[in-house]
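[1] Have a look at this prediction, sequence included:
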Amino acid sequence: MEVTILSIPMIVCPFIIILISYVFIVHAILRISSVSGRKKAFSTCSSHLTVAIQTMNLSTIKEILLLGFQTLHDFRILFCHIFLISYCLTISVNILIIVLVSSSRSLHSPMYFFLMHLSISDLILTTDIVPLMLEVIINNGAKMTLAGCITQFYFFGVSEASECLLLTVMSYDRYLAICNPLRYVSVMSPALCIRLVLMSWVISFSILFADVMTISSLNFCGPNVINHFFCDFFPLLGLSCSDFEGAALQGTLMAIPVVILLFIIIVVSYSCIVSSILKIPSLLGRQKAFSTCSSHLIVVSIYYGTMIGIYTQPPRSQSFSANKALSLVYTVVTPLFNPVIYSLRNKDIKVAFIKLFGIK
């Protein structure tokens, strides 16, 4: 609906202006007395008229075909079962993290508060991508409406942007806890935690809303095939018959501060953390200090590694196979591994789990 509303003034209004212009042009040409004069006058605008007619004859595509994984062949059912199991596990463990943090007083700390919102972000991502991906695998492709495709990209982008921001906030939390432990409680107050999380979500929704508005303003007239298992930014732009270089540049420029700048902040934070840990005299003290941030460091390395690998290269130079493989990492693997990595060696979460379910 939104795409249709935005496309009306961009297609109908220019067509009316062109039509009125050519009514005056034809009227003026017919007033020329000589035949050669009329031919000469008409020849100056015949090329433009041909192009205008062809352009206005373009029809907006209604459906988009996602090709997905065309090379799976006989392994489609096997991969479908693998992804279905991982999807169920992802939903279960992330909901478990949210329930544990919400219900256990021992987990009412900044680190677990941020972890809970990271799980919410992962839930948005996996429910947005994986169900359709399963349909793509089973049917060797799947169709969806253009509006549905843009909506899927929006929520995918929101979850990705919020995860980038939340991981950065969590690195700042670890920096304060290790480098400034005496100021940690006073600085990382509940009010600040809420503001940081709220800011992360607001920025994510705002940035992606701007991208969606840009995409919706383009004309989509075919082809309607995306060689991917979900609707991403650059594959969507590839379907546009408008000049999308400006939209691609805008998307890249908006991705740079979200991905690169935040990654630099994390690197600087961990440089300070490593420097502080190395100053601890005892080996046991260094191991204990590093264990508090090792899980976060692993998640950051996996997540940002794949993100930078995909979105820092120009869209025309991207390999479809490599792009899809990397996309699987942060749409399927990362949402499952995030809660597992954070809770695997975490005594607080294990104790909260035992208390919640009454396990002796």
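    That came through fine.

[2] So what's the gap between the one helix or strand F234 maps to and the chain middle?
    Using DSSP states H and E, F234 maps to helix 233-237. Relative to the centre of its chain, helix 233-237 is centred 12 Å away, using Cα atoms, centre = their mean, to the nearest Å.

[3] Ok, stretch 300-313 next?
    On Cα atoms, centre = their mean, the centre of stretch 300-313 falls 12 Å from the chain's centre.

[4] The helix holding F234 packs against which elements?
    With contacts defined as 3 or more Cβ pairs under 8 Å, 6 or more residues apart in numbering; DSSP states H and E, helix 233-237 has these neighbours: helix 146-179, helix 190-216, helix 245-256. From N, CA and C alone the C-beta is placed, and that goes for glycine too.

[5] shouldn't F220 be in contact with L239?
    Yes: under the criterion of Cβ atoms under 8 Å, F220 makes contact with L239 at 5.3 Å.

[6] Which neighbours do these two have in common?
    Common neighbours of F220 and L239, counting by Cβ atoms under 8 Å, 6 or more residues apart in numbering, are I61.

[7] For those two, indicate the residue with more neighbours.
    F220 (25 against 22; other Cβ atoms under 10 Å).

[8] So S33, which state does it fall into?
    coil (DSSP: H, G, I helix; E, B strand; the rest coil).

[9] What does it show for phi and psi?
    phi -70, psi -40 (degrees, to the nearest 10).

[10] host element of N338?
    Assigned by DSSP H and E, N338 falls in helix 334-344.

[11] How about residues contacting the helix or strand following that helix?
    For helix 334-344, the following helix or strand on the C-terminal side (DSSP H and E) is helix 347-357. For helix 347-357, contacts defined as Cβ under 8 Å, 6+ apart pick out L96, I97, V99, L100, S103, S104, S106, L107, Y112, Y342, S343, I359.

[12] most surrounded residue in the residues you listed?
    I97 leads the contacts of helix 347-357 on contacts (other Cβ under 10 Å) with 27 neighbours.

[13] so who does it touch?
    So I97 contacts L115, M116, S119, P339, Y342, S343, I349 (Cβ under 8 Å, 6+ apart).

[14] what about 7 Å?
    L115, M116, S119, P339 (Cβ atoms under 7 Å, 6 or more residues apart in numbering).

[15] Give the closest residue to Y304 in space, chain neighbours not counted.
    Spatial nearest neighbour of Y304, excluding adjacent residues (Cβ to Cβ, 6 or more residues apart in numbering): F263 at 5.1 Å.

[16] which one is E135 nearest to, not counting chain neighbours?
    Using Cβ to Cβ, 6+ apart, the closest residue to E135 is A142 (4.6 Å).

[17] burial of that neighbour, as a residue count?
    With other Cβ under 10 Å as criterion, A142 counts 19.

[18] The residue nearest to Y304 belongs to a helix, doesn't it?
    Yes: checked against three-state DSSP, F263 lies within a helix.

[19] gap between it and Y303?
    10 Å (Cβ to Cβ, to the nearest Å).

[20] repeat for A161
    With distances taken as Cβ to Cβ, A161 is found 12 Å from Y303.

[21] How about L167?
    Taking Cβ to Cβ, one finds L167 at 7 Å from Y303.

[22] ditto for L125
    Distance from L125 to Y303, by Cβ to Cβ: 11 Å.

[23] do I203 as well
    With Cβ to Cβ as the criterion, I203 and Y303 are 17 Å apart.

[24] and if you look at I194?
    24 Å.

[25] Which one of these two is surrounded by more residues?
    For I194 versus Y303, neighbours defined as other Cβ under 10 Å are more numerous around Y303 (21 against 11).

[26] Sweet, I'm off.
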